[in-house]
Structures are given as C-alpha cells and as structure tokens.
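Engineer: Following is a predicted model, sequence given first.
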2 protein chains.
Amino acid sequence: MDYSPKKIDISDEKCPVKATLSILGGKWTLIILYQINNRVIRYGELKRSIPGISEKMLIQSLNQLIEHGLVDKKAYPEIPPRVEYSLTEIGFKSLPIIDKLEEFGRENLI
Amino acid sequence: MDYSPKKIDISDEKCPVKATLSILGGKWTLIILYQINNRVIRYGELKRSIPGISEKMLIQSLNQLIEHGLVDKKAYPEIPPRVEYSLTEIGFKSLPIIDKLEEFGRENLI
C-alpha cells in the first residue's frame, strides 16, 4: 500500500475533514450537489432527478446548502413562481469529492 | 468553472455514488477509516482518537466496516483480550476520498 495519507487531527476543533462532513455529511447533500452540477435547474426537475427524496428533505437540504454558500437560489416574480438553483463557486469545488466517491464505488462495489 | 463532471444516473440502482454513500455515508465512518489509516490499532486507542464517538457507535460502525470488507479485525487469545483493527486493501482505497474532504475544508471552510 503506497498510499501515505496526510496527518490530520480530528480532535482539533478546526479539523477540515470534520468541517466538511458537517456541511456535506447529510444523507442527500452530495447527491443534490451532483444533480445540480453545472446546470441552472428548477425545483421540480431537481426533485424528479433524485428518486426517493422527500419534499421536506429536499427543501431542508437546499436551505442548508444556500446558508453554507454552496448553492444559489433565484426566485423570479412570475405567476406561477419560478425558482432556479445553481452551484456557487464553492459548491462547484465539492464535485471532485463526488468524483472520488464514484470512482471508489465503480472500482470496488459495483 | 472549467470542471466538467462525469454524468452518472443516481436513479440507477447500480449508481456507484449511491453504493459508496450507503457504505461510507455514516456520520463517523470516514473518520474511523481515517483514524485507522495505515496503522494496526487497538480498540482503546482508536476510541480515544475519535473524541465524541460513543462506545455503541464505534462498535456498530466497525462491525459494518468489517462486514463490507473495508476493515480487518484480529483477536488474540490472550488475557486480557487483545483486539486489533487495520484497513483492508479496499479500506485503504477510501482514504483519497478523505483527502478530498480535507482539501475542500482547508480551502473553503477553515
């Protein structure tokens, strides 16, 4: 095993892994980020693209992602109301994490 | 944003991201893997290295990791009993995911 991992101290309050997990660790969070991806997507389309997620969980997760600055929300003063979601610069930087998850799953689990 | 993510279909039962998250998605799972790392570590030392984790959660998470083939457990017929944990080849392949989490946290959150 030629892998030599970086030493990090997870007991340290400012541990970057713990900080990331506190934001991205939710059951659906990474999947939501991945489904938004490099698109501007409306709520309905996003919901349909994530089978199994409840209305409540999607709205709650989106609000957390907006609060943490990973997702941008634009509401247009139209009838019916139009709301669109897209990733911010920081949100976009989470996608390589998901690529690693995809790679691990493809190589070891599927 | 020059990032062009791979297209994956998370509604597909065999989605590698969902498969990985089903194994690594637990609150403490990645942190346990990271603390074992390239060491052979005893239960007590592992527990002390993860502040905040309960006995029940650590044992439950370890058993799941052993069941999924990411962690190896060796019990020595001694008194008092000696039990050691180490990563398997597949377990070791999860560490680059944690490096990405660490990188994201360091660059964007801390």
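Structural biologist: Cool, the structure landed. No experiment lies behind these values; they were computed from the predicted model shown. Residues are numbered from 1 along each chain as shown, chains lettered A, B, ... in the order given.
Engineer: tell me the contacts of residue A:109?
Structural biologist: Neighbouring residues of residue A:109 by CB atoms under 8 Å, 6 or more residues apart in numbering or on different chains: B:16, B:19, B:20, B:23. Just so you know, the C-beta spots here come from the backbone N, C-alpha and C atoms, and that holds for glycine as well.
Engineer: which phi and psi does residue A:49 have?
Structural biologist: Residue A:49 has phi and psi values of phi -80, psi 0 when expressed as degrees, to the nearest 10.
Engineer: my read: it touches residue A:36, true?
Structural biologist: No. Between residue A:49 and residue A:36 there is no contact, the gap being 9.1 Å when judged by CB atoms under 8 Å.
Engineer: Comparing these two, which residue is more hemmed in?
Structural biologist: In this view residue A:49 and residue A:36 are compared by other CB atoms under 10 Å in any protein chain shown, and residue A:36 has more residues nearby, 23 against 19.
Engineer: Make sure the more buried one is actually in contact with residue A:86.
Structural biologist: Yes. Contact criterion CB under 8 Å: residue A:36 and residue A:86 qualify, at 6.5 Å.
Engineer: who touches both of the two?
Structural biologist: With CB under 8 Å, 6+ apart as the test, residue A:36 and residue A:86 both reach residue A:71.
Engineer: Count residues in the vicinity of the closest residue to residue A:68 other than its chain neighbours, would you?
Structural biologist: Spatial nearest neighbour of residue A:68, chain neighbours left out: residue A:23 (5.1 Å); criterion: CB to CB, 6 or more residues apart in numbering or on different chains. Residue A:23 has 20 neighbouring residues, counting by other CB under 10 Å.
Engineer: For the helix or strand that contains residue A:23, which residues meet the burial criterion?
Structural biologist: Taking DSSP states H and E as the criterion, residue A:23 maps to helix A:16-24. By neighbour count, with 16 or more other CB atoms under 10 Å in any protein chain shown as the criterion, the buried positions of helix A:16-24 are A:16, A:17, A:18, A:19, A:20, A:21, A:23, A:24.
Engineer: of all the residues you listed, which comes closest to chain B?
Structural biologist: In terms of CB to the nearest CB, no member of the buried residues of helix A:16-24 lies closer to chain B than residue A:16, at 2.9 Å.
Engineer: For the nearest residue in space to the closest one that is not next to it in sequence, the count of nearby residues, please.
Structural biologist: With CB to CB, 6+ apart as the criterion, residue A:16 has its nearest non-adjacent residue at 2.9 Å, and that residue is residue B:105. For residue B:105, the neighbour count with other CB under 10 Å is 22.
Engineer: mind listing what residue B:105 touches?
Structural biologist: A:15, A:16, A:17, A:18, A:19, A:20.
Engineer: mind pulling up the phi and psi values for it?
Structural biologist: Backbone torsions for residue B:105, taken as degrees, to the nearest 10, come to phi -70, psi -50.
Engineer: Check residue A:34 too.
Structural biologist: Given degrees, to the nearest 10, the pair of backbone angles that residue A:34 has is phi -70, psi -30.
Engineer: any idea how far chain B is from it?
Structural biologist: Relative to chain B, residue A:34 is positioned 7 Å away (CB to the nearest CB, to the nearest Å).
Engineer: From what I see, that residue and residue A:98 are in contact.
Structural biologist: Yes. Between residue A:34 and residue A:98 there is a contact under CB under 8 Å: 4.9 Å.
Engineer: As a check, name the ranges of all helices in chain A.
Structural biologist: Along chain A, the stretches classed as helices by DSSP state H are A:16-24, A:29-36, A:43-48, A:55-67, A:89-92, A:95-108.
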